[in-house]
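**Q** Give me a 3D structure for the following:
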Amino acid sequence: MTDYFSVDIPVFMPDYDKEKLYGWSRYKDNLWDILKDTTSGYCMYCYDTVWINGQRRGQIEHGIEKVNSPEYLTDCVPNLGLACENCNGKYKRRAEEKRKLSKELLREFESVSCKKYACRIPCERYIKLRIEYVRRGKIILQPFESKAHENGNILKLRYDLLNGKYIPGDCGCSYSREELGIIEGHIRLFGLNSAERRNREVGKYCKNVIDYHSLMQDMSYDNLVVDLFRDKLKDLPIDDAVKVCKIIYSRALLQRAT
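**A** Residues are numbered from 1 along each chain as shown. As a prediction, this is how the structure comes out:
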């Protein structure tokens, strides 16, 4: 049975064009275009739009920051994602020092003959660095899958529409205590459930569905969760979709009052 009161946040998987080059130092416009298409124009960390008043406000960001990585990762294409100014410039800087990688790991990576601008998929050594970084920093990197161990579960988030908060997602089995700690740490790092960053777009959307008796297909909202929720509601008759939105909207009003 479909759960209409939660949505799963996707793992962003870019489909790079083999005829194009991508990078941070060069070919940044190509990278921006593919990441924008991959995320539908949303930040990979807080899922807010990276467009404000029709202007680009997102940034190409290094998953493993330049300060914590060898030179080769500066233009490592799988290490480059799309983030809003707040996530990249403020929230991701929290506890940056704790995510610092060991010299031994970095030395091992420095021997890599990197394809640089033609790189398309995460190599084994980058994956090893990424896993250590995810564990150390309690952060879920995007794009591509993040794990706490090579054979571990894919770390995912879910948005609880009834309670208006991000929670651990569905990995198809049970997360370990360490994996849950990473997901919860990620939510805290970016303040996803804080009053400051609370998702208000879902409430706006539900109110519009109720008022206009429509899924508002032609209207844009500023957060990916609304798009994911709207896609789910397509399976329902409009009267049932309105009922779902009334339940979510009434809960949102109650939470705001308390």
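
**Q** okay, now the domains of the chain?
**A** 6-189, 201-257 (automatic domain parsing).

**Q** end to end, how far does stretch 147-167 reach?
**A** 17 Å (CA to CA, to the nearest Å).

**Q** And the strands in the stretch 51-200 of the chain?
**A** With DSSP state E, counting those that start in this stretch as the criterion, the stretch 51-200 of the chain has strands at 51-52, 55-56, 58-62, 80-84, 157-160, 165-168.

**Q** re earlier: any chance of TSV for the domains of the chain, columns distance to A195, mean pLDDT and mean neighbour count?
**A** Where you see a C-beta, it was placed from the backbone N, CA and C, and this is true even at glycine. Output for the domains of the chain, formatted as TSV (distance: least, CB to CB, whole Å; pLDDT from 0 to 100; neighbours: other CB atoms under 10 Å):
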stretch	distance to A195	mean pLDDT	mean neighbour count
domain 6-189	11	90	17
domain 201-257	11	93	16
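
**Q** middle-most residue in the chain, spatially?
**A** M44 (3.2 Å; CA atoms, centre = their mean).

**Q** contacting residues for the residue lying closest to V50 once chain neighbours are set aside?
**A** Leaving aside its sequence neighbours, V50 sits nearest to G58 (CB to CB, 6 or more residues apart in numbering; 2.8 Å). Applying CB atoms under 8 Å, 6 or more residues apart in numbering to G58 gives the contacts 32, 36, 41, 43, 50-51, 82-85.

**Q** okay if I get the residues you listed as CSV plus distance to R200?
**A** Below are those laid out as CSV (distance: CB to CB, whole Å):
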residue, distance to R200
W32, 27
K36, 23
G41, 18
C43, 15
V50, 17
W51, 17
L82, 22
A83, 20
C84, 15
E85, 18
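
**Q** Out of these, flag the one nearest to A252.
**A** C43 (22.0 Å; CB to CB).

**Q** Quick check: closest non-adjacent residue to the closest one.
**A** C84 (3.9 Å).

**Q** Contact partners for that neighbour?
**A** 43, 45-46, 48-50, 57-59.

**Q** what ranges do the helices span in the stretch 151-258 of the chain?
**A** Remark: helices assigned in the stretch 151-258 of the chain by DSSP state H, counting those that start in this stretch are 177-189, 201-212, 224-233, 238-257.

**Q** Direction-wise, compare the last one with helix 201-212 and give the angle.
**A** On the basis of axes from the mean of the first three to the mean of the last three CA atoms, to 10 degrees, helix 238-257 is oriented at 130 degrees to helix 201-212.

**Q** tell me what helix 238-257 is packed against?
**A** helix 201-212, helix 224-233 (3 or more CB pairs under 8 Å, 6 or more residues apart in numbering; DSSP states H and E).

**Q** ok, and what's touching the shortest one?
**A** Identification of contacts with helix 224-233 by CB under 8 Å, 6+ apart yields 2, 4, 7-10, 39-40, 42, 47-48, 159, 161, 199, 201-202, 205, 209, 215-217, 221, 241, 244-245.

**Q** Would you mind writing the CA trace of it as CSV?
**A** Extracted in CSV, the C-alpha atoms of helix 224-233 (Å, rounded to 0.1, in the frame of the first residue of the first chain):
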residue,chain,number,x,y,z
LEU,A,224,12.0,19.1,-3.9
VAL,A,225,9.7,17.5,-1.3
VAL,A,226,6.7,19.1,-2.9
ASP,A,227,7.6,17.7,-6.3
LEU,A,228,8.0,14.2,-4.8
PHE,A,229,4.7,14.5,-2.9
ARG,A,230,2.8,15.8,-5.9
ASP,A,231,4.1,12.8,-8.0
LYS,A,232,2.6,10.5,-5.4
LEU,A,233,-0.7,12.2,-5.4
